[in-house]
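Peer 1: model this:
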Amino acid sequence: MNSPPACAGRERPARAALTRIFEPGDERAGRWLREVGPVELMRRLTVADGSAEKLKGMTATRLSGYRLRASTADPERDLAAMDAVGGRFVCPGDPEWPSQLDDLADARPIGLWVRGRPDLRLWALRSVAVVGARACTPYGAHMAASIGAGLAERGWVVVSGAAFGVDGAAHRGALAAGGATMAVLACGVDVAYPRGHAELIGRMVEQGLVIGELPPSGHPTRSRFILRNRVIAALTRGTVVVEAQYRSGSLVTARSAQRLGRYTMGVPGPATSGLSAGVHELLRGEGVLVTDASEIAELVGEIGDLAPARRGPVLPRDLLDAVSARVLDALPRRGAMEGRDVARTAGTSTDEALGRLYELHSLGFVEREGDGWQLTVGPTRNGDARRGGT
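Peer 2: Predicted coordinates:
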């Protein structure tokens, strides 16, 4: 979808009014908006000249409901109310509009109500969504907070929905690291919901961004939470799901991200936890398993932004060549063995075996016992040479 010219003149108040008339994500309304423009669409919804009935898909019942809402719409009041709290209304085509939202086609937001000083478009260019269960476990809260902090430290904007559980932990992690975070609300951006996160949302208004599709004082509903998730998915480079049951709304965000061609990631949890079941199902499909911020940044970041290599500790025994390791393996766990017997067990000559035994002695792996050789007693350099039978 091509971005329209910058929102100006009567278009801005028309779009502001339409956010009171249509529900977020209404593709039918999005098609009308694309076909006739916001000013003409608003006119048809408020003037009984028969033009509204000509819109494809319009019915008498729908038109009656739209006109009932239109009768109470006052865009100038809403724009003034947003200005009073230091906010603004951003429309498609504005310099601040995140063009990746255009990938939603006719489900694209009519406009976004925004609070916070940073530029929405610039922040969205380098953003990652971190979502998950509201009733998360301590493990989920810990992982969300550490991922949020780690992404913030790497210069990524952490995006979530300001809900209890994983959302709040991700936001707090980013703020604790002195980083950037953005909340996408399913209500008016002048409404603190949930109430228990009023302070957190206030901090994001001061230090980050709070955005939403609903006009001032708009209240959340179950469907609006679900529809809000498509904005989180489209706005960001990728979506990370920390904990989620099979029917979790965060999986709706992940599926939206997949449809839009964004990266979809999941943090694994205990196989016995119902809160990890949805994440594991995601990982069985197209989701990518991640465990920390560096792995996320490697996936969604630029070329060369690599996570550190993960491997176990290198033990002194690991540095031995193949023949020396075989000679060391030939020695019994207890007791001594003569050089000729070591050679036979190791499959090498006696001279070769003795030469390697003297080298192993200098390295602290073995010691002399009369005419024989034995493993060094006590803490040794061979680490786990006999641990677990390996």
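
Peer 1: CA atoms for contacts and neighbours, from now on please.
Peer 2: Fine.

Peer 1: check contacts around residue 16.
Peer 2: Counting by Cα atoms under 8 Å, 6 or more residues apart in numbering, residue 16 touches 75, 78-79, 89, 111, 215.

Peer 1: got the CA coordinates for the helix or strand containing it in PDB?
Peer 2: Assigned by DSSP states H and E, residue 16 falls within helix 11-21. Below are the C-alpha coordinates for helix 11-21, written out as PDB (Å, rounded to 0.1, in the frame of the first residue of the first chain):
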ATOM      1  CA  GLU A  11      -8.200  15.200   6.800                       C
ATOM      2  CA  ARG A  12      -6.800  15.100  10.300                       C
ATOM      3  CA  PRO A  13     -10.000  16.000  12.200                       C
ATOM      4  CA  ALA A  14     -11.900  13.600   9.800                       C
ATOM      5  CA  ARG A  15      -9.600  10.700  10.700                       C
ATOM      6  CA  ALA A  16      -9.800  11.600  14.400                       C
ATOM      7  CA  ALA A  17     -13.600  11.500  14.200                       C
ATOM      8  CA  LEU A  18     -13.500   8.100  12.400                       C
ATOM      9  CA  THR A  19     -11.500   6.600  15.300                       C
ATOM     10  CA  ARG A  20     -14.700   7.100  17.300                       C
ATOM     11  CA  ILE A  21     -16.900   5.600  14.700                       C
END
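
Peer 1: mind checking how far the nearest residue to residue 17 once chain neighbours are set aside is from residue 230?
Peer 2: Spatial nearest neighbour of residue 17, excluding adjacent residues (Cα to Cα, 6 or more residues apart in numbering): residue 75 at 4.9 Å. Residue 75 is 25 Å from residue 230, where distance means Cα to Cα, to the nearest Å.

Peer 1: cool, residue 291 as well?
Peer 2: Residue 291 is 24 Å from residue 230, by Cα to Cα.

Peer 1: out of those two, which sits in the busier spot?
Peer 2: Here residue 291 and residue 230 are compared on neighbour count by other Cα atoms under 10 Å; more neighbours surround residue 230, at 24 against 16.

Peer 1: residue 19 is in contact with the residue nearest to residue 17, correct?
Peer 2: No: judged on Cα atoms under 8 Å, residue 75 makes no contact with residue 19 at a distance of 9.2 Å.

Peer 1: give me the more crowded residue out of these two.
Peer 2: residue 19 (23 against 19).

Peer 1: as a check, name the ranges of all strands in the chain.
Peer 2: Secondary structure of the chain (DSSP state E): strands at 87-90, 112-115, 127-131, 157-160, 181-185, 209-212, 238-241, 263-266, 288-289, 337-338, 366-369, 372-375.

Peer 1: partner strands of the second one and their direction?
Peer 2: Each strand paired with strand 112-115, and its direction, by DSSP bridges: strand 87-90 (antiparallel), strand 209-212 (antiparallel).

Peer 1: kindly report the same for the last one.
Peer 2: Partner strands and pairing direction for strand 372-375 (DSSP bridges) are strand 337-338 (antiparallel), strand 366-369 (antiparallel).

Peer 1: so for residue 278, which of those strands sits nearest?
Peer 2: Across the strands paired with strand 372-375, residue 278 has its closest neighbour in strand 366-369 (52.5 Å, Cα to Cα).

Peer 1: correct me, but residue 230 touches residue 251?
Peer 2: No: taking contacts as Cα under 8 Å, residue 230 lies outside contact range of residue 251: 10.9 Å.

Peer 1: one step back: okay if I get the strands paired with strand 372-375 as CSV plus distance to residue 14 and mean pLDDT?
Peer 2: Shown next, in CSV, are those (distance: least, Cα to Cα, whole Å; pLDDT from 0 to 100):
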stretch, distance to residue 14, mean pLDDT
strand 337-338, 93, 90
strand 366-369, 85, 89
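
Peer 1: I appreciate the help and will end here.
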